[in-house]
Structure formats: C-alpha cells, structure tokens
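Engineer: Just the structure for this:
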Amino acid sequence: MEHANANPSLASTLAQSVQAGRHLALTNSKQREQAIGSMATALGGSFQDILEANTLDLEASRELGISDLLLEWLKLTPERLQRYIDLLHRLGELSSTYGTTDIGAQGGDRHSYRRVRPLGTIAFIYEALPELGAIAAGMSVKTGNSIVLRGGIETQHTNLAIANALRIGLEQVDLPPDAIQIVDSSPSLLYELLTRTQQVNLAICYGRPSLIHQVTQQATVSILPAAIGNCYLYWGANGNLEIVRQAICDSHIGEPDAVNAIEKVLIHTDRSSTSLTTLWKSLAEKGFILHGDRELVASYGEYLQLAQDREWYQPYLRKIVAFKLVDSVDAAIATIDRYSSGHADCIVTDSYLETQQFVAGINSACVYVNASPRFYRHQRGGDRIWLGMSNYQGSQRGAIGLASLMANQQVTMG
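Structural biologist: Have a look, this model is predicted:
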C-alpha cells in the first residue's frame with residue numbers, strides 16, 4: 001500500500017529496520033544469544049536513567065488524568081525493572097527455535113524440506129507496561145527479526161530510555177542498532193505503521209480492549225492481538241469449591257497485568273446455597289468486588305451487585321468477579337463462546353463427561369481443567385518465555401512465544 005502523504009521519518013525508520021533485520025537474519029544462534037545478554041547488561045547500566053524517566057512519565061500522566069490502571073501498569077519499581085532484566089538474560093539462554101524438517105519427495109527427482117526462518121520486521125504496539133518493550137525486542141532479536149516499538153504517550157520517556165539502552169547493547173556486540181527502533185505515539189503514525197504491508201511483517205498489539213479494537217480496525221498488515229482479562233470459569237454441579245476459590249484468587253496475582261484473570265464465573269444451578277455464600281464471603285475478605293446476574297442478585301443481594309448486560313462482554317481489569325447461573329455444560333459453553341475474550345477459559349468439575357464436553361465444545365485458545373489459568377511470562381523451571389496470550393482466530397492462538405515470530409518456508413530441491 002502506497003501512502004500519498006507518507007511520513008518521511010517513518011519511511012526512513014522502516015527502511016533502516018528492514019535492512020537491519022536482513023543482517024540479523026544471517027547471524028547464528030550464538031551471536032543472538034550474546035546480543036540479548038548485552039542488551040540486558042546495557043539495561044542494567046541504564047538502571048537509574050530508566051527509573052528517572054519513569055518518574056517523569058508518572059508525573060506527566062497524573063497531570064493528564066491517566067487512569068489508575070495505566071498508572072499501575074506504568075510504574076516501574078527497582079524490583080520490577082530488575083526482574084525483567086533477569087528475564088531478558090534468561091531469554092538469551094533459551095535454545096534456538098531454528099531447524100529443518102524433512103517432508104519427503106514431491107515426485108520425480110524433487111525433494112522437499114521445511115525450514116524455520118524469521119518473519120522480518122515486527123511492530124509492537126502497546127500501552128504503559130514499558131518493560132514489555134524490552135521483552136518484545138529480546139524475542140525479536142532471538143528469532144532474527146527487527147522490531148519497531150510504538151508505545152503510548154503516557155510512557156514515552158521510559159520507552160525511549162529502554163530502547164536507547166537496548167540499542168547500545170546491540171552496538172556493543174557489533175550488530176546493527178537499527179534492529180530496534182522506536183517511533184512516537186501519534187495516531188496518524190500508528191495508522192501508517194499498521195498499513196505498511198511491504199515493510200511490516202507482523203504487528204503485535206498489547207493493551208486494553210480500546211487499543212486492540214483500534215489496531216484490528218486499522219491494520220492491513222498481519223496482526224496478533226494479545227488479550228487481557230474477561231476469562232470465564234464454569235463451576236459444574238460436582239466441582240470442588242476450594243479449586244474454584246484458589247483458581248480465581250491465583251489468576252489475579254499476575255503483576256502488573258493479570259492476563260488470565262478470571263472475571264466471570266458460571267455456576268451450575270444445582271450448586272448449594274451454602275457453597276455459594278462460602279465462596280463469596282471468602283472472595284470479599286480478599287478484597288474482591290462481586291457482581292451477579294438478576295436471578296442471583298434477587299436471592300443474594302447482600303453479597304452481589306447487579307451486573308449490567310455489557311459487563312459480560314467486557315474485561316474489568318480489576319479485582320471484580322461477576323457470577324451467572326447456567327443449567328448445563330452446554331449452556332456454559334454457549335455463554336463463554338458468546339461473551340468471553342476467548343484466550344483462556346476454565347472448568348472446575350469432578351465429571352469426566354463434563355470435562356470432555358467442555359474441552360470439545362469450547363472455542364477458546366487455552367482451556368484449563370481444575371487448574372488456575374494464572375499467566376506466567378516465565379514459569380520457574382520452564383523453558384519458555386511468553387509475551388502475552390492471543391485470542392486470534394487462526395493458527396497462532398494462545399501463548400505468544402518465540403515460535404510466533406517465526407515462519408515456515410518450504411524448500412524443494414531438483
């Protein structure tokens with residue numbers, strides 16, 4: 001797509017990014033591992049500069065009346081920044097995702113194999129959460145891609161300080177710093193970035209539903225939206241009360257963005273009144289605000305506030321949980337497929353048949369059975385690092401990891 005009023009600055013940035021990405025794609029896994037380690041070390045060397053930039057952003061955002069949620073996402077503590085520096089070091093140490101697969105003869109003298117290769121240039125569009133820019137950049141370098149970071153106006157100083165440190169890290173190992181670019185947060189530039197199909201191979205968007213909607217409406221490039229919140233749990237007639245309570249509480253612990261937070265609970269009509277009130281009392285003691293549908297509120301108004309119709313579609317992104325009655329697992333599946341974000345939904349039941357029905361019927365990227373859906377960017381002892389969770393209705397659903405930034409290429413030899 002050609003742009004009649006193309007931004008010359010963006011055009012230059014993307015040209016540099018594409019060229020740097022081609023250079024990066026030719027490096028080996030050892031070089032990329034060293035590069036990410038150098039990027040992490042450079043972040044540590046800029047530790048105070050990044051925190052000071054973050055203080056500027058916080059002060060400016062408060063003056064602009066930025067929401068409390070974004071302020072929470074924006075604020076970098078020394079502990080939080082160090083945790084992500086450590087995570088970047090860990091990313092560098094992960095095994096390479098490159099490889100080839102023999103797919104056999106195609107006929108005649110021809111033989112084919114499938115190889116994994118970088119996508120090219122990634123655009124990462126996000127709001128607040130400045131440390132995610134570092135993780136996205138690390139994942140891009142790890143997979144041989146270049147990246148263009150586009151954060152929100154509320155975190156521009158912090159994002160710039162982080163990007164500058166990452167670029168220094170690349171320079172120190174003789175790799176092109178233009179493999180990591182940062183652009184401003186203007187709406188017109190975002191639109192142009194999302195329609196640069198010749199230079200941008202994938203756009204990953206991460207933030208509140210308003211940002212995700214804006215990106216999906218404007219983009220002509222391939223996109224990978226990362227969903228947060230509005231996860232559903234179905235509590236079957238024979239489901240364990242303690243598992244439900246633990247799953248809800250644990251899913252909200254993720255800091256600062258509780259990606260897989262259970263915000264809606266569907267209750268089988270056969271659940272006892274005692275089990276319901278026991279759960280609600282426990283959640284209220286832990287600071288949760290509880291909403292319910294009309295039927296529940298009519299009977300348990302002392303525990304629940306009435307949930308408006310629109311709430312079933314929307315994430316709260318706070319410690320709020322809404323409850324709704326359903327009379328079967330089929331009704332639960334239909335409700336979840338209609339209302340949930342579709343990236344992570346749960347069932348708590350002792351019934352094998354209900355489990356099989358739920359797993360087979362639910363249209364969600366990730367399904368959790370009698371388990372907390374809590375999201376970990378890197379689970380201790382694991383060998384994967386995740387950027388977020390995609391509810392994209394295609395092949396790249398679920399956790400966004402290194403494989404999401406790679407492409408398959410079939411090569412046929414004569």
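Engineer: and Trp73, what is it in contact with?
Structural biologist: By CB atoms under 8 Å, 6 or more residues apart in numbering, the contact list for Trp73 reads 127-129, 256-257. For the C-beta atoms, the positions are set from N, CA and C on the backbone; glycine is no exception.
Engineer: For Leu306, which residues count as its bridge partners?
Structural biologist: With DSSP bridges as the criterion, Leu306 is bridged to Gly292.
Engineer: And the pLDDT for it?
Structural biologist: Looking at Leu306, its pLDDT is 98.
Engineer: surely it meets Ala298?
Structural biologist: No - between Leu306 and Ala298 there is no contact under CB atoms under 8 Å: 9.4 Å.
Engineer: Where does pLDDT dip in the stretch 1-150 of the chain?
Structural biologist: Across the stretch 1-150 of the chain, the ranges flagged by pLDDT under 70 are 1-6, 97-109.
Engineer: got the residue ranges for the helices in it?
Structural biologist: Under the criterion DSSP state H, counting those that start in this stretch, helices of the stretch 1-150 of the chain are mapped to 8-25, 29-45, 47-64, 68-74, 78-93, 131-142.
Engineer: Run the angle between the last one and helix 78-93 for me.
Structural biologist: For helix 131-142 against helix 78-93, the angle between stretch directions is 10 degrees (axes from the mean of the first three to the mean of the last three CA atoms, to 10 degrees).
Engineer: cool, and the second one?
Structural biologist: Inter-element angle recorded for helix 29-45 and helix 78-93: 170 degrees (by the same axes, to 10 degrees).
Engineer: which strands and helices sit next to helix 29-45?
Structural biologist: Judged by 3 or more CB pairs under 8 Å, 6 or more residues apart in numbering; DSSP states H and E, helix 29-45 is in contact with helix 78-93, helix 131-142, helix 156-171.
Engineer: Among these, which comes closest to Arg62?
Structural biologist: When the helices and strands packed on helix 29-45 are compared by CB to CB, helix 156-171 sits nearest Arg62, at 13.9 Å.
Engineer: Going by neighbour count, which residues of the next helix or strand after the closest one are buried?
Structural biologist: Using DSSP states H and E, the helix or strand that follows helix 156-171 towards the C-terminus is strand 180-182. Using 16 or more other CB atoms under 10 Å as the test for burial, strand 180-182 gives 180-182.
Engineer: What of stretch 389-399?
Structural biologist: Buried residues in stretch 389-399, defined by neighbour count with 16+ other CB under 10 Å: 389-392, 397-399.
Engineer: Stretch 190-205 too?
Structural biologist: Quick answer for stretch 190-205 (16+ other CB under 10 Å): 190-196, 199-205.
Engineer: which one of those is nearest Asp327?
Structural biologist: Looking across the buried residues of stretch 190-205 and measuring by CB to CB, the closest to Asp327 is Cys205, at 37.2 Å.
Engineer: picking that back up, make JSON lines out of the helices of the stretch 1-150 of the chain and add distance to Leu211.
Structural biologist: Written out in JSON lines, the entries for the helices of the stretch 1-150 of the chain read as follows (distance: least, CB to CB, whole Å):
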{"stretch": "helix 8-25", "distance to Leu211": "19"}
{"stretch": "helix 29-45", "distance to Leu211": "25"}
{"stretch": "helix 47-64", "distance to Leu211": "16"}
{"stretch": "helix 68-74", "distance to Leu211": "11"}
{"stretch": "helix 78-93", "distance to Leu211": "21"}
{"stretch": "helix 131-142", "distance to Leu211": "13"}
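Engineer: out of these, nearest to Gly239?
Structural biologist: helix 68-74 (30.8 Å).
Engineer: Leu306 and Ala298: which is more packed in?
Structural biologist: Counted by other CB atoms under 10 Å, Leu306 and Ala298 do not tie: Leu306 has more neighbours, with 14 against 11.
Engineer: All set, thanks.
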